[in-house]
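S.K.: When you get a sec, could you give me coordinates for this:
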Amino acid sequence: MIKGLSRQEMARVAAQDIPEGSCVNLGIGVPTLIADYVPAGRELLLHSEQGLLGLGPAAAPGEEDPDVLNAGKQFVTLLPGASVFSHSDSFLMVRGGHIDIACLGAFQVAANGDLANWSTDAPGQIPGVGGAMDLAAGAAQVWVLMEHCQKSGEPRILERCTYPLTAAGCVDRVYTDLAMIEVTPAGLVVARIADGLDFSTLQSLTAAPLTLSPDCQPYRPAMDEPAAARAAPKGV
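M.R.: Sure, this is the predicted structure:
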């Protein structure tokens, strides 16, 4: 059995990759975990679509504020200087091109960067696209964080999506439990691959052609780069 990265490790790798000073939307699913793993000293503005800017990590037990939730309705914190505003203002920010990176979960990603992260008939899923369509169209970059395969074993990275599209050709990068893959004009390029996994096995778990980057690196968090202690002081 292949042991890839955990959801927490995927979030930590993505957090370490976000450039200094970026404004980053964190979508539902694995992306919400990124707030817990921003490297110490890295200055980022984390955005949540319901109207938060300056998002911090998860709230400690007993310090939950029912008015401070992330996109996944989980209790989080606000950092000093954070802003709270209306849902409509939040989407003015998104549609105005002020989000550098949107980190989104997904059901499927196609070889050309098409994104499918909603469904009308998936059990337990809300039948609506939500804000992801705006984020996919408005953000300068879209990074997807998702498991490489469904629980049934079917690939999530395909030549063409079979679920309804959220947006066409919007995905720039995919973080899965097995690899980090760049979406390029020449196709899907494996930039990093999990320890103990060979390229031919990764390709067998992917329903779209992959190319191995000549500079392919191991896919794992940089453990010498600690996460920041970013919780907001009480009363902020």
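
S.K.: Helices of this protein, residue ranges please.
M.R.: Along the chain, the stretches classed as helices by DSSP state H are 7-17, 87-95, 132-138, 199-204.

S.K.: Check what pLDDT the residue most central in space within the chain gets.
M.R.: The centroid of the chain falls nearest to Cys103 when counting by C-alpha atoms, centre = their mean (3.3 Å). We have a pLDDT of 98 for Cys103.

S.K.: so it sits right up against Ala14, yeah?
M.R.: Yes - contact criterion C-beta atoms under 8 Å: Cys103 and Ala14 qualify, at 6.4 Å. Yep, even glycine has a C-beta here, placed from its N, CA and C like the rest.

S.K.: how about the residue nearest to the residue nearest to the centre of the chain when sequence neighbours are not counted, what does it touch?
M.R.: Distance criterion C-beta to C-beta, 6 or more residues apart in numbering; nearest residue to Cys103, sequence neighbours excluded, is Pro31 at 3.8 Å. By C-beta atoms under 8 Å, 6 or more residues apart in numbering, the contact set of Pro31 is 11, 14, 103-105, 145.

S.K.: what about Pro31, distance to Val183?
M.R.: Remark: distance between Pro31 and Val183 (C-beta to C-beta, to the nearest Å) = 17 Å.

S.K.: Quick check: closest non-adjacent residue to Ala186.
M.R.: For Ala186, ignoring the flanking residues on the chain, the nearest one in space by C-beta to C-beta, 6+ apart is Thr211 at 7.3 Å.

S.K.: I'd say that neighbour and Ala191 touch.
M.R.: No - using C-beta under 8 Å, Thr211 is not in contact with Ala191, being 10.2 Å away.

S.K.: And Pro66, how far from Pro155?
M.R.: The gap separating Pro66 from Pro155 is 39 Å, by C-beta to C-beta.

S.K.: So between the two, which is more surrounded?
M.R.: Per other C-beta atoms under 10 Å, whichever of Pro66 and Pro155 has more neighbours is Pro155, with 16 against 6.

S.K.: you'd agree that one is up against Leu202?
M.R.: No - under the criterion of C-beta under 8 Å, Pro155 makes no contact with Leu202, lying 10.5 Å away.
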